[in-house]
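>>> Dropping a prediction and its sequence here:
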Amino acid sequence: MPKLTIDGVEIEVPGGITVLQACELAGKEVPRFCYHERLSIAGNCRMCLVELEKAPKPIASCAYPAADGMVVKTDSPMAKAARKGVMEFLLINHPLDCPICDQGGECDLQDQAMAYGFDRGRYAENKRAVKDKDFGPLIKTIMTRCIHCTRCVRFATEIAGVPELGATGRGESMEIGTYVEKALSSELSGNMIDLCPVGALTSKPYAFVSRPWELKKTDSVDVLDAVGSAIRVDARGPEVLRILPRLNEDVNEEWISDKTRFAVDGLKRARLDRPYVRRNGKLEPASWPEALAAIADRLKGVSGSRIAALAGDLADAESMAALKDLMAALGSANIDSRQDGAAIDASRRDFYLFNTTIAGIEEADACLIIGSNPRWEAPLVNARLRKRWLAGGFTVGLVGEARELTYGYEHLGTSPQALADLLAGRHPFAATLKAAKKPMVIVGQGALARPDGAAVLAAAWALAREANALRPDWHGFNMLHMAAARVAGLDLGFLPGAGGRDTAGILAGAQDGTIEAVWLLGADEIDPATLGRAFVIYQGHHGDRLAPRADVILPGAAYTEKNGTYTSTEGRVQQGQIAVFPPGEAREDWAILRAASAMLDRPLPYDDIAALRARLVAANPVFGRIGLARNGGCADPAGPAGDPARMGSAPFASPVRDFYRTDPISRSSRTMAELSALFVQPAAPAAAAE
Amino acid sequence: MAGPANDTPPPDVESFAFTAENQALIARIIAKYPPGKQASAVLPLLDMAQRQMAAQSGSAWVPRKAMDVIAATLGMAPIRVYEVATFYTMFNLRPIGRYHLQVCTTTPCWLRGSDEVAAACKRATGADWGKTSPDGLFHMTEVECLGACVNAPIVQVNDDFYEDLDAASTERLIEALKRGETPPMGSAIGRQTSAPEGALTSLTTLYGDKAGSPTPAGE
């Protein structure tokens, strides 16, 4: 524990940290451009110079190890003069185009120039100009503004795992780029925009849209995958203009996926902004009373067993609870929140959670991935796996499709046979898992949404048990979900009740006429043709796949337009906040259900969201523990229902065939369509058929 | 700078593969570095690729395909090889003709007449700084100190130094190169290594030789 004196104050700091970090611990702010706490140290911007007693020159504090007895001065005349000099050099080639720069107002260089810049330039020569690079549809480059901090290069290489960026040339000819023009093939590339301390990398879809001080910022959570990334929704008036990450060390650190960030334009397109009722075979605009009356008329006298409800992947817990209560009041047990029909045993919560937790990945030392492509199903879980892999001493095995995952893994096979081999100890990787101190097993939805799903689930659990991953101090069984609504649906018991039908049963009933009416709460991942002649109520926010098939459309709110509760794949209950109001006549989903229940003469017993949330907590106490993931070990190694011996032979496939188009919002986004055309469709022409 | 002009895409070849001899050599080069640190071999391999291109195509340069081959050989991301190749000016990323004339214009050479040497190069070859001559034989590069100031001014032709040049000897050198000859490298005025022009001016006597009989070097 070295002891330093920083600006006259003595402070004891942990060993192995840098002078800059020590200064931060002492509460002293040190300006910097290249240093970033999640990236390796480059030490090339020189902005963090501080004076060190007995050193002949100022030192770059970000790259200088803190040692015992150092006397550091962060705001001495020498340190200030040194930083002013660095700033003047940085500004020599930096254009004076702040008024037309999208970084303006949130620019590190602009801010620090206020503190360390000169009020005039002394440089009379020509400035250098650099040709802009094409980084693809997401990142706009104005390379003349680049100050060569190399944060983007280090991010691409270290965090994203796509070493495609580099600094070519030297001295004045140095340029950041790919050398060979190409779009960056990462799902995390948007984070470079946040990392760039100047306006060299800015958001292409957001170019010239708004200034940061015009935006209303709302803290929320992402719903486009099941990770539950912390986001900030920036809106101006009725429009959501951009989505940025928020710090959450346990979930997304400070990154978000490109889908989370750039699908935002999908919120403005193909929206359902008024109710519709099908009359004479055509969907016609209607008023709310007309639409609700049409539902009440149709459902009058229909037995509850002939009514069904499916919850979609973006549904909030509140609306699912309301729909479940409404169905119960109507006497229906035919409800399901698993549109893909995944064989999930919801009898115990740790059967369907990512129990190790995302942050817990960093403690694991071996990992078996079953039937999942985490890079596309949960990019931030994948980034955490890569982070763990980079730290060393982490072995990954994969059963399923062999995809580029940004870390090395051993491909054990594509079919359940590989699991059977592992269980029987016939494969050497079984010994690796057993030898590991903290092994983890990740089972994806692609391994469960198949006829032998229950057997695969049981086999995955059994593998975890065999590897001694189910201990009081460690829970190594993980289910990776893709739908933000899924875990909350399972927690709420939005599952077939006694004698009720599951998704497959509901669709079969719709086709043979035993199910007369289906209430779809944003359920867009089923084939419209499978609904037969049933009366379809579609409640949702996008005119995507199912709305055209509906008989009544109830326009709901997207995740940025309502206060909703979501449970992540870790079991972390989080609340999204309303950033803008739903468009037109669209309403918050639970309120729609409350209004419908009154029209059906079965009013739900809550009139505001507080009462509904109290109902959520009553249904399952986990909804009272906001922000916390399930933690701790496995109390009971007894596994979920299912017989590993009944596994089939079909190879595993990840259900995500196109990362950029997985839900109604991203399917409506032009940016996502562009990315899909660029990265997904050339590689897999079959995905285009989706 | 001899680095790439970044605003036009560098040219490339159809394909590149190291010759069997070079591949054997690569194994020996990689073996010099600790296991897992084979990326350290990137500089020798780039140089080898450039020399192989010189032998095969008559022009010493490194095409991108060669960099990709090196990246694959050493288990590096291609961009890491591009970074190294663009950093060092001795790697040519475009075809440069058979003879690369690197004319030193740093102060000692300049004082000794490098302007005339450069003008003679331009006149005799038709090339210019950073450009290749019309016949495709010569490429001229202005370089900083080549470290042979004693025999300034100097021109480096591919790997060889030609020293003590003036306009006339430079033109003679280029004419010889055009004829396909390889003139002897070193001083154009017959100076031995870096000894003084003419006769010795110091160390003219041997230790203990009181008679003081001069023994000029080179005689």
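Yep, that arrived.
>>> can you count the residues close to residue A:562?
The tally of other residues near residue A:562 (other CB atoms under 10 Å in any protein chain shown) stands at 25. All C-beta spots, glycine's among them, are computed from the backbone N, C-alpha and C.
>>> does it really touch residue A:578, like I thought?
Yes: applying CB atoms under 8 Å, one finds residue A:562 in contact with residue A:578, separated by 5.7 Å.
>>> Which residue is it, in chain A, that comes closest to chain B?
Nearest residue of chain A to chain B, counting by CB to the nearest CB: residue A:163, 3.5 Å away.
>>> can you pull the contacts of that residue?
Going by CB atoms under 8 Å, 6 or more residues apart in numbering or on different chains, residue A:163 touches A:156, A:157, B:77, B:79, B:80.
>>> Any chance of those in a markdown table with neighbour count as columns?
Output for the contacts of residue A:163, formatted as a markdown table (neighbours: other CB atoms under 10 Å in any protein chain shown):
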| residue | neighbour count |
| --- | --- |
| A:156 | 25 |
| A:157 | 20 |
| B:77 | 17 |
| B:79 | 24 |
| B:80 | 18 |
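>>> Closest to residue A:450 out of the residues you listed?
residue A:156 (35.7 Å; CB to CB).
>>> Let me know whether my guess that the closest one is in a helix holds.
Yes: counting by DSSP: H, G, I helix; E, B strand; the rest coil, residue A:156 is part of a helix.
>>> what's the neighbour count on the nearest residue to it once chain neighbours are set aside?
Distances taken as CB to CB, 6 or more residues apart in numbering or on different chains put residue A:165 closest to residue A:156, at 4.4 Å, once the chain neighbours are dropped. Neighbours of residue A:165 under the rule other CB under 10 Å: 26.
>>> Now do the strands in chain B.
B:99-104, B:138-143, B:155-157, B:160-163, B:186-187 (DSSP state E).
>>> how near is the residue of chain A closest to chain B to residue A:343?
Look at residue A:163 and residue A:343: by CB to CB, to the nearest Å, they are 39 Å apart.
>>> likewise residue A:240?
36 Å.
>>> Just to check, residue A:215 is in contact with residue A:239?
No: checked against CB under 8 Å, the pair residue A:215 and residue A:239 is beyond contact range at 10.1 Å.
>>> pLDDT wise, what is residue B:4 at?
Listed pLDDT for residue B:4 reads 44.
>>> what sits against residue A:396?
A:366, A:367, A:368, A:369, A:385, A:389, A:405, A:407, A:408, A:409, A:410.
>>> That one pairs with what?
On the basis of DSSP bridges, residue A:396 is bridged to residue A:367.
>>> Quick check: residue A:102 touching residue A:205?
No: using CB under 8 Å, residue A:102 is not in contact with residue A:205, being 11.2 Å away.
>>> hang on, the earlier thing: give the contact list for the residue nearest to residue A:156.
For residue A:165, the contacting residues are A:152, A:153, A:156, A:157, A:176, A:177, A:178, A:184, B:79, by CB under 8 Å, 6+ apart.
>>> swap in residue B:146?
Contacts of residue B:146 (CB under 8 Å, 6+ apart): B:102, B:104, B:154, B:156, B:161.
>>> for residue A:18, same thing?
Neighbours of residue A:18 in contact, by CB under 8 Å, 6+ apart: A:41, A:61, A:62, A:63, A:64, A:65, A:66.
>>> burial measure for residue A:280, as a count.
The burial count for residue A:280: 5, using other CB under 10 Å.
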